[in-house]
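Student: missing the sequence, but the structure's below:
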């Protein structure tokens, strides 16, 4: 009765009341909706970042039931020898600002321009599956069904066509800015702001403007700032971008 790694949940109306648990299938090429008709309870686990966590309610209390383990250690084939903490790992799920690039960048060198924009905003660099599969950037930067599902306040989609595999991972962003030379690219259907043109001219211009606004407002950002939703510096940078767009 368990469907794992779901990205969408719903319930059929009465009388069935079946849980509709949707998740990527067939090597992420399609979405499958799985129903548990025979067993109860109906259960599902959700992919990280898909659903927004509710605020903590300190008044709620739960009952802790302790069950003693009956298995002896010698019956377990695997042994835990040590815990190694990984440091410096990119955490897209917690990022407030993401600058992502796709196949339209044309090669790995263009990600340097995206990194400059991300640094100016205090954000991190993301990528589509096409860019990762091409070997232009590491898998830890991938956003989408086979990568991270993100909820940033500001998401740049640069040179990204807007395939379902990618948009399912970033559709919950508060503000999406798309930059693409193809005015018919599907990504513009998800974007709050769209810029049609050459990203090699547009991205450096935005980066330069952000740096000017940072100097004007005295904002100093680091990449760590983008992982803190309440950070005033991140809001100031994104606010400067919105004022620039409006102008």
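Tutor: Looks like it came in fine. None of the values given here were measured: they were computed from a predicted structure.

Student: and residue 209, how many residues sit next to it?
Tutor: Neighbouring residues of residue 209 were enumerated by other Cβ atoms under 10 Å; the total is 17. Backbone N, C-alpha and C define where each C-beta goes, glycine included.

Student: counting contacts, what elements does the host helix or strand of it pack onto?
Tutor: Counting by DSSP states H and E, the secondary-structure element that holds residue 209 is helix 199-217. Other elements packing on helix 199-217 under the criterion 3 or more Cβ pairs under 8 Å, 6 or more residues apart in numbering; DSSP states H and E are helix 111-121, strand 175-180, helix 232-246.

Student: mean confidence for the longest one?
Tutor: Helix 232-246 carries an average pLDDT of 41.

Student: what about the helix holding residue 209, distance to the chain center?
Tutor: Going by Cα atoms, centre = their mean, to the nearest Å, the spacing between the C-alpha centre of helix 199-217 and its chain's C-alpha centre is 24 Å.

Student: Can you list the buried residues in it?
Tutor: Using 16 or more other Cβ atoms under 10 Å as the test for burial, helix 199-217 gives 199, 202-203, 206-207, 209-211, 213-214.

Student: Give me the mean pLDDT for it.
Tutor: 87.

Student: report the angle between the axes of it and strand 175-180?
Tutor: 140 degrees (axes from the mean of the first three to the mean of the last three Cα atoms, to 10 degrees).

Student: Just list the residues touching the most centrally placed residue in the chain, thanks.
Tutor: Centrality entry for the chain: nearest residue to the mean C-alpha point is residue 150, 2.0 Å, by Cα atoms, centre = their mean. Neighbour list for residue 150: 49, 92-93, 95, 98, 126, 143, 169-170, 172-173 [criterion: Cβ atoms under 8 Å, 6 or more residues apart in numbering].

Student: In terms of pLDDT, where does it sit?
Tutor: The per-residue pLDDT of residue 150 was computed as 89.

Student: Then the one 3 residues further on?
Tutor: Per-residue confidence for residue 153 comes out at a pLDDT of 92.

Student: Count residues in the vicinity of it, would you?
Tutor: For residue 153, which is what you asked about, the neighbour count (other Cβ under 10 Å) is 17.

Student: hang on, isn't it packed against residue 176?
Tutor: No. The pair residue 153 and residue 176 fails to qualify as a contact (Cβ atoms under 8 Å) at a distance of 10.6 Å.

Student: low-scoring pLDDT stretches of the protein, where are they?
Tutor: Judged against pLDDT under 70, the low-scoring parts of the chain cover residues 27-28, 86-89, 216-247.

Student: can you map out the strands along it?
Tutor: Using DSSP state E, the strands found in the chain span residues 2-6, 8-11, 19-25, 30-34, 43-46, 97-101, 124-127, 154-158, 175-180, 193-196.

Student: what does the fifth one contact?
Tutor: Counting contacts by Cβ under 8 Å, 6+ apart, the residues outside strand 43-46 that touch it are 1-7, 9, 19, 21, 36.

Student: Name the residues of that strand that are buried.
Tutor: Taking 16+ other Cβ under 10 Å as the neighbour-count basis, strand 43-46 is seen to contain the buried residues 44, 46.

Student: Provide a list of residues in contact with residue 37.
Tutor: With Cβ under 8 Å, 6+ apart as the criterion, the residues that contact residue 37 are residue 18.

Student: ok, it to residue 7 distance?
Tutor: Here residue 37 is placed at a distance of 21 Å from residue 7 (Cβ to Cβ, to the nearest Å).

Student: before we move on, what about residue 183?
Tutor: Where residue 7 is concerned, residue 183 sits at a distance of 29 Å (Cβ to Cβ).

Student: try residue 95
Tutor: As defined by Cβ to Cβ, residue 95 lies at a distance of 19 Å from residue 7.

Student: for residue 138, same thing?
Tutor: Separation of residue 138 from residue 7 (Cβ to Cβ) stands at 23 Å.
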